[in-house]
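Chemist: here is the input, now give the coordinates:
(chains A and B)
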Protein chains: 2
Amino acid sequence: MTVTPESLHRSRDAITPALRTALHLLDEETRHQAAYHLGWIEADGTPADGGGGKAVRPALALLSAQAAGAPAETGLPGAVAVELVHNFSLLHDDLMDGDEERRHRRTVWTLWGASGAILTGDALLALAQEVLLDCGLPTGAAAARLLARTTRDLIRGQVQDVAFERRAHVPIEECVDMAAGKTGALLSASAAIGAVLAGAPVTTVDALALYGQQVGLAFQLTDDVLGIWGDPAVTGKSVHSDLRARKKSLPVTYALNQGGTVSVELATWLSAPGEPDEAELRRAADLVAAAGGRDWATAEAARRMALGEAALRGVDLDAAARDELIALGHFVVDREV
Amino acid sequence: MTVTPESLHRSRDAITPALRTALHLLDEETRHQAAYHLGWIEADGTPADGGGGKAVRPALALLSAQAAGAPAETGLPGAVAVELVHNFSLLHDDLMDGDEERRHRRTVWTLWGASGAILTGDALLALAQEVLLDCGLPTGAAAARLLARTTRDLIRGQVQDVAFERRAHVPIEECVDMAAGKTGALLSASAAIGAVLAGAPVTTVDALALYGQQVGLAFQLTDDVLGIWGDPAVTGKSVHSDLRARKKSLPVTYALNQGGTVSVELATWLSAPGEPDEAELRRAADLVAAAGGRDWATAEAARRMALGEAALRGVDLDAAARDELIALGHFVVDREV
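Modeler: Got it, this is the predicted structure:
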């Protein structure tokens, strides 16, 4: 079992009061739904003990400021802003995907309707910008600019993801590009925004952004491998869950793009109607592996982590913060495959 | 028939190429849906002749810069940004309200699903911030801050509007506050953002913001009067359209709050099930008028326009731009009641 990095505990302690302060700018109803979504209260307003996720993005933002030689506090507006954007995207994604549960709790749209999820998400996105622009640092506007561009990349990734479901053939480059937007963009911005707020040179900011981007892609590659071959006791999902949903994940898309009889058989399998049984799921998983999808995704995740680490080691950073950034990246990516 | 102010023609000419440039930052699919929504193309991509609305907000933003003594160009990033935020809110509102048509064309969600409307709206909101933060003016961040706060007010108004539909009793102050958010906030920001970009003193910005806010409220009061007593040949809506939908508009809310038998009869009428016939609609309109709802809304609209004009005349502004701002405000508000 992996030990939770100390940076995540510190991040959770720092971010919660700052997020609460930001949320006080919202109207009562929107704040209520946001607090529920974050796991702070139950739907009826009674206090809840929910963690609201691991706060990986705020931890990256705080370490990002420290890596650039500033105190963690300098990164705090960035930490709040990336967590707000992350939750904006979760609120809208849960509605669009029709997901009724998140972290074993009902999703906002199931409780307050589509309007609740849309408006609360919209409000968190606007609030993220406000937090940065009102933070009092002369670098706030540069951070806000980074976040606006990132939000556009995030949305572009989501648009591609929705479009891929309707397309028979998706080149692997496009699938990687989708993951770079949907998963990589906000992790990249998180790893860079603290340094932006600290006024770090562009080479430092770029190295941190690249690190976050690679962690995001490595995470998605690993998550997709776990979605097919992960142990349900560890992942908390059903066995072969992504195949059950006939999802064109990264290893599946890689396998489909190899050509040959295995790819054809896999494509036929994916387009078949109805609920697959266990034997069919095992067969599909074997086809993805036989076409090299599993090995490619595993190697690609490792390659991207090494690329990210090399970027961090290529610039002058606070050594302790850099080590914590690397440890956090591995915590996010390395899970029992 | 009112003559369209020259400022609206100038605004339309200036805003369209600038909006096109901004939209080029979006992915192809999102840009397609946005261009359709703006009336530039048909759903299949062929060019359309649609105007995409009157572009009142961009016209206010350009005049706002001129009123502060700057060229109209200084206000252009603000004009683009407020138009993007306006269309973000239309895309999400059409989905939440289930409206299938806007300006005699199918709405985005009916063509590209809920995901299309949500993601395209999200993208326009993020893009609005980006346009201001990347405009190259040192005042861009202040304009972005104004717009982020405005977006929060806009969403708050929409949240109140949704909540009011479920509430039996809404005090008139809350209903005015809702309209101040939903309609007033963005018109207020539009009238102020050019001056912010021009680096105008805070008293000038505040006077322009107050003018826009009052125009917004006067517009809503007038629109609500037209929604009950407007001539269908002029409004393009069915006769008594707001009463048909049993909408708690401003004159209706005023009437409900007067107490006495007329208010009680009106409340009973509003909570009745089923489709009202013409005689019932006429009876309801008479009840609103008898309780003073029509006279109050008409007088209140005039009072607010006078308040806004007085604010504009209380600060030092370019006289020609001020006159155009006042003419534009009247064009928006004064329609055949």
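
Chemist: now do stretch A:284-296, average pLDDT.
Modeler: Stretch A:284-296 carries an average pLDDT of 96.

Chemist: kindly report the same for stretch A:80-90.
Modeler: Stretch A:80-90 comes out at a mean pLDDT of 97.

Chemist: ok, now stretch A:183-199?
Modeler: 98.

Chemist: can it be found next to chain B?
Modeler: No: on the criterion CB under 8 Å from any CB of the partner chain, stretch A:183-199 is out of touch with chain B, staying 11.4 Å away. In this view, the C-beta of every residue, glycine as well, is placed from N, C-alpha and C.

Chemist: mind listing what's buried in that stretch?
Modeler: Neighbour counts over stretch A:183-199 (16 or more other CB atoms under 10 Å in any protein chain shown) mark A:183-199 as buried.

Chemist: then stretch A:273-285?
Modeler: Under the neighbour-count criterion of 16+ other CB under 10 Å, stretch A:273-285 has A:276, A:280, A:281, A:284, A:285 buried.

Chemist: out of these, who's nearest chain B?
Modeler: The shortest approach to chain B among those belongs to residue A:276, at 25.4 Å (CB to the nearest CB).

Chemist: helix/strand/coil for that closest one?
Modeler: coil (DSSP: H, G, I helix; E, B strand; the rest coil).

Chemist: tell me which of the buried residues of stretch A:273-285 fall in helices.
Modeler: A:280, A:281, A:284, A:285 (DSSP state H).

Chemist: which residue is the nearest non-sequential neighbour of the first one?
Modeler: For residue A:280, the nearest residue in space outside its immediate sequence neighbours is residue A:269; the separation is 7.4 Å by CB to CB, 6 or more residues apart in numbering or on different chains.

Chemist: are we agreed that the one you found is in a strand?
Modeler: No: going by three-state DSSP, the assignment for residue A:269 is helix, not a strand.

Chemist: report the contact partners of whatever residue of the stretch 151-300 of chain A ends up closest to chain B.
Modeler: Nearest residue of the stretch 151-300 of chain A to chain B (CB to the nearest CB) works out as residue A:151 at 3.9 Å. Contacts for residue A:151 (CB atoms under 8 Å, 6 or more residues apart in numbering or on different chains) come out as A:85, A:125, B:122, B:126.

Chemist: pLDDT at the third one, what is it?
Modeler: What that stands for is residue B:122. Value for residue B:122, per-residue pLDDT: 98.

Chemist: from chain A, how far off is it?
Modeler: Noted for residue B:122: a distance of 5 Å to chain A, by CB to the nearest CB, to the nearest Å.

Chemist: and that residue, backbone torsions?
Modeler: Reported as degrees, to the nearest 10, the phi and psi values for residue B:122 are phi -50, psi -40.

Chemist: near chain B, which residues of the stretch 1-150 of chain A show up?
Modeler: A:25-27, A:29-30, A:88, A:92, A:95-96, A:114-115, A:118-119, A:121-123, A:125-127, A:129-130, A:133-134, A:140-141, A:144-145, A:148-149.

Chemist: what about residue A:210, distance to residue A:297?
Modeler: 20 Å (CB to CB, to the nearest Å).

Chemist: ok, now residue A:264?
Modeler: 21 Å.

Chemist: ok, now residue A:245?
Modeler: 17 Å.

Chemist: those two: which is more packed in?
Modeler: Legend: neighbour count by other CB atoms under 10 Å in any protein chain shown for residue A:245 and residue A:297, higher for residue A:297 (28 against 11).

Chemist: for that one, give me its contacts.
Modeler: Contact analysis of residue A:297 by CB under 8 Å, 6+ apart lists A:221, A:222, A:224, A:225, A:250, A:251, A:254.

Chemist: try 10 Å this time
Modeler: Residues in contact with residue A:297 (CB atoms under 10 Å, 6 or more residues apart in numbering or on different chains) are A:218, A:220-225, A:228-229, A:249-255, A:288, A:337.

Chemist: so it: helix, strand or coil?
Modeler: helix.

Chemist: in stretch A:127-145, which residues are buried?
Modeler: A:127-135, A:137, A:139-145.

Chemist: follow-up on the earlier one: any idea whether the residue of the stretch 151-300 of chain A closest to chain B is helix, strand or coil?
Modeler: Per three-state DSSP, residue A:151 ends up helix.

Chemist: distance check, it against residue A:189.
Modeler: On the measure of CB to CB, residue A:151 and residue A:189 end up 9 Å apart.

Chemist: which neighbours do the two share?
Modeler: Taking CB under 10 Å, 6+ apart as the criterion, residue A:151 and residue A:189 both touch residue A:85.

Chemist: need phi/psi at residue A:173.
Modeler: phi -60, psi -40.

Chemist: what's near enough to touch it?
Modeler: Going by CB under 10 Å, 6+ apart, the list of residues near residue A:173 reads A:253, A:257.

Chemist: for the stretch 151-300 of chain A, give me the ranges with low pLDDT.
Modeler: The stretch 151-300 of chain A contains no residues with pLDDT under 70.

Chemist: what residues does it put near chain B?
Modeler: Counting by CB under 10 Å from any CB of the partner chain, the positions of the stretch 151-300 of chain A adjacent to chain B are A:151-163, A:165, A:181.

Chemist: out of the contacts of residue A:151, who has the most neighbours?
Modeler: Neighbour-wise, the contacts of residue A:151 (other CB under 10 Å) top out at residue A:125, 30 neighbours.

Chemist: isn't that residue right up against residue A:88?
Modeler: Yes: look at residue A:125 against residue A:88 with CB atoms under 10 Å: they come within range, at 4.3 Å.

Chemist: which residues are in contact with both of the two?
Modeler: Common contacts of residue A:125 and residue A:88 (CB under 10 Å, 6+ apart): A:151, B:122, B:125, B:126.

Chemist: longest helix in chain A, please.
Modeler: Chain A, longest helix under DSSP H: helix A:202-229.

Chemist: list the buried residues for the next helix or strand after that helix?
Modeler: Using DSSP states H and E, the helix or strand that follows helix A:202-229 in sequence is helix A:232-235. Judged by neighbour count using 16+ other CB under 10 Å, the buried positions of helix A:232-235 are residue A:235.
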